[in-house]
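Student: sequence and predicted structure below; questions after.
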Amino acid sequence: MKIKKNDNVIILSGKDKGKTGKVLKALPSELKIVVEGVNIRKMHKKATRAEGKGQIIERAYPIHASTASLIDPKTNKATRKRPL
């Protein structure tokens, strides 16, 4: 897998097509990555105590690595090779 943690990527397909973000986590065994601000889902968290309140948390979920491409820092365009 070419994409590593802390790389800047652009999304090539899906509902988040065209968005860019930083890779927060890479899962090479599953060929998936977690990108900041992409594939956001709302998670309902139940209250833990009697006085506590439940809340809705937005969380980034993994996407397949083939739907993202590295960004060349000089041109700010998608590239297939690792930028130097």
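Tutor: Yes, it's here. Numbering: from 1, shown residues only.

Student: so for stretch 22-40, what gets flagged as buried?
Tutor: 23, 26, 32-35, 38-39 (16 or more other C-beta atoms under 10 Å). (Glycine included, C-beta is placed from N, CA and C.)

Student: what's the pLDDT at Ser29?
Tutor: Listed pLDDT for Ser29 reads 96.

Student: ditto for Ser69
Tutor: 96.

Student: how near is the residue most central in space within the chain to Lys25?
Tutor: By C-alpha atoms, centre = their mean, the chain has its centre lying nearest to Val35, at 1.4 Å. The spacing between Val35 and Lys25, counted by C-beta to C-beta, to the nearest Å, is 9 Å.

Student: bridging residues for the nearest residue to the residue nearest to the centre of the chain once chain neighbours are set aside?
Tutor: Computed as C-beta to C-beta, 6 or more residues apart in numbering, the closest residue to Val35 that is not its neighbour in sequence is Gly21, at 4.3 Å. Counting by DSSP bridges, Gly21 forms beta bridges with Val9.

Student: need the pLDDT of Gly21.
Tutor: 96.

Student: make sure it is actually in contact with Glu36.
Tutor: Yes. Here Gly21 reaches Glu36: they are 4.2 Å apart, a contact under C-beta atoms under 8 Å.

Student: and the residue nearest to Val35, how far from Ala60?
Tutor: With C-beta to C-beta as the criterion, Gly21 and Ala60 are 9 Å apart.

Student: between these two, which contacts overlap?
Tutor: 35-38 (C-beta atoms under 8 Å, 6 or more residues apart in numbering).
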